[in-house]
Each structure stands twice: as structure tokens, then as C-alpha cells.
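Asks: Would you be able to build a 3D model of this:
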Amino acid sequence: MRSTAVFLFFFLFSVPALFAQRIVDVSYTTDQQGNYHFTCNNKAFCTYVLRVELPTMKNLKSDHPVPFEAEVKPGFNQLFVLSPVSKTEDTQVGFKASNRKGCMQPVVNPDFVYLLPIGQGIQTQAFRINAVHSTGQDSAYTVRLKMNIDDTIFSARRGIVTAVDVSNTENDAGATTTGSWNYVEIVHADCSFGQYGVFKKDGAFVKPGQQVEAGTPLGLVGGDRYGRGSDVRFTVVYPGQQGNTQIAPVFWTKGNGKGRLRQGATYTSEFPKTILTLESAKKPTTTPKKTTAKKKA
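Replies: Below is the predicted model of the structure:
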């Protein structure tokens, strides 16, 4: 039996720059029985939804429904197997693949309580950015907190750093406008992504793949002198099959407890233990029971 592989094309479907992509490689191997074993290597630090189409599939059957679509975790993933229908006839396969960052059906939690991404005890004025740039980084639900240059940006929630880009010099150079800004992206346990800015050039303290807790320092506030002054920006997005769902986050603030920020209002950051440990991986310690040794008769 002779087998033929036809590579029609392989491409990545890109969502906005908010979710800067790392490549997901799809490939296959064949065994002595003529089976095609499809696998992928997800080189990112978060889950992707992978779709593999098989426009050419001659004399082959799949052990999974095709087109194949599934979530793939970071690292190596086994996908599906194509087997010959007839052992005496030739086989032929051609595939194309696309992917998007996130989960297939994320459960949006609009009421999760976040920390303000600024230092504890710091007072700030809150605004919402309504402009949408071509990079996708600014959105109708980007919160802007007035800050000073070299203030520290903190993680508002536990997660894994998926992307860091602090290479832009425009924010610190007094540009009158810019379509992008230095940011850190973090994936959360519910498959939402938080993006933080505006960072000083080379001002990030974290790197992709790093686990951070709520309240972890992420980096330094950049100059951002093109009109509004220095600020911290924070966006929460759930990537989904029908597009990105953006939410207006609920924050904990001193004296107010939990609630959504009001345009132009002043707030003070607070890091209560209940919020810091909301998603903590540390299990509470228990005191072992005391036992009394029995004396020998």
C-alpha cells in the first residue's frame, strides 16, 4: 500500500494583538500499518482551540469527528488517528489547521473580584478608555488609573504570564499619540486574559510562563506623556468562538468593598487577605491531633 501526503496549507488564525500568538505546530507520523497519527506542539503558555480540516482524505477514516476541533494545552498533544479503510488501496491526506487563543466555551464570570493593579494604599482617579486602536489593545472596557512614572503595576489576580512586550519607546518619548503600548498579559483559571499597561520600556519584572499571585509586582509604570499623563491600564477579555467578550471588572477598594469603578471617581487600593488568597494554591494547614502513647504494663 502506498500513502501520499498533500500539504495544502498550514496557517495561524490571529486574534487581535491583545492576544499576541505563539505558534502551534501540527504534524503527523505514520506507522507500519499505514495509520496517520496527528499531534501538535503548543509552544504558548496557555490553552488554544485548534481546528484541523482534512480536505483531502482518500481511503482513510478518523477515530474522531472531522473537522477535528479541541482544546490543546501547552506542550505536546495527541490529536487523532487516520486509519486505512482498505489495506490494498492507496491512501492520501491533506490538512489545514487554524487556532485561536483561549477555551472553546469559556464561562464568563463578570462578578469576580479583582484587586486594583496598583500599590496598596495608593489613591488614584479612575477612567474608561473608549477608543479602539487597530492593535486591539484599547477597548471600551479598558480601565485607566492615573499614576506617576516609575510607580509599580501589580497583578490583580492569580494567573500565568502569557506575553510580555515592553519594547515600545513611544510612551516614554513624549509622542503625541500612539496605537500601541507596552503590556503584560496574564491568563486566569477561568480562561480569561488580563492585560496590563502602560509599562516603562524594559520595565517588566515578569516573563512568559511565570506563575503570579494576586498582588505580585509586574513592572514599572511608563511615561505615557502623549496627553493623558502616566497611567495604569487594565483589560479583562474572554476569547470565545463568537469573538472576544470584554467585561467591566469588579474591583475591591478601600472603604467601598467590591464594586465597579465610576468614571472620574477617586479610589484607594487595598489588598485584603480574603482577596489575595481567593485563588491561592496553598491549602490551609491543619494542626495534627495529639496522641498519648500507651505505657507498657
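Asks: which regions of this protein lie under the pLDDT threshold?
Replies: Scanning the chain for pLDDT under 70 picks out 1-22, 130-140, 171, 173-179, 224-228, 281-297.
Asks: Nearest the geometric middle of it, what residue?
Replies: Val187 (3.3 Å; CA atoms, centre = their mean).
Asks: Can you give me the neighbour number for the nearest residue to that one once chain neighbours are set aside?
Replies: Of all residues not flanking Val187 in the chain, Cys46 sits nearest, at 4.2 Å (CB to CB, 6 or more residues apart in numbering). All C-beta spots, glycine's among them, are computed from the backbone N, C-alpha and C. If you count neighbours by other CB atoms under 10 Å, Cys46 ends up with 26.
Asks: was I right about Cys46 contacting Ile160?
Replies: Yes: with contacts counted by CB atoms under 8 Å, Cys46 reaches Ile160, the gap being 6.8 Å.
Asks: Now do the shared contacts for the two.
Replies: Val187 (CB atoms under 8 Å, 6 or more residues apart in numbering).
Asks: Could I get the phi/psi values of the residue nearest to the centre of the chain?
Replies: Val187 has phi and psi values of phi -90, psi 140 when expressed as degrees, to the nearest 10.
Asks: could you list every residue that touches it?
Replies: Phe45, Cys46, Thr47, Gly159, Ile160, Thr162, Phe193.
Asks: can you name the two of these that are farthest apart?
Replies: Thr47 and Gly159 (12.5 Å; CB to CB).
Asks: quick one: which of the two has more around it?
Replies: Applying other CB under 10 Å to Thr47 and Gly159 shows that Gly159 carries more neighbours, namely 24 against 19.
Asks: hmm, back to that, what does the residue nearest to Val187 show for phi and psi?
Replies: According to degrees, to the nearest 10, Cys46 has phi -150, psi 170.
Asks: what bridges to Asp25?
Replies: Beta-bridge pairing for Asp25 (DSSP bridges): Asn41.
Asks: Following the record's annotation, map out the domains of this structure.
Replies: 3-101, 113-276 (automatic domain parsing).
Asks: ranges for the strands of the stretch 1-150 of the chain?
Replies: All strands of the stretch 1-150 of the chain, identified by DSSP state E, counting those that start in this stretch, fall at 3-6, 24-30, 36-42, 48-58, 60-62, 68-72, 75-84, 91-101, 113-115, 123-129, 142-146.
Asks: Take those strands and write them to JSON lines, including mean neighbour count.
Replies: Below are the strands of the stretch 1-150 of the chain laid out as JSON lines (neighbours: other CB atoms under 10 Å):
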{"stretch": "strand 3-6", "mean neighbour count": "13"}
{"stretch": "strand 24-30", "mean neighbour count": "16"}
{"stretch": "strand 36-42", "mean neighbour count": "19"}
{"stretch": "strand 48-58", "mean neighbour count": "18"}
{"stretch": "strand 60-62", "mean neighbour count": "17"}
{"stretch": "strand 68-72", "mean neighbour count": "17"}
{"stretch": "strand 75-84", "mean neighbour count": "16"}
{"stretch": "strand 91-101", "mean neighbour count": "21"}
{"stretch": "strand 113-115", "mean neighbour count": "20"}
{"stretch": "strand 123-129", "mean neighbour count": "18"}
{"stretch": "strand 142-146", "mean neighbour count": "21"}
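Asks: I appreciate the help and will end here.
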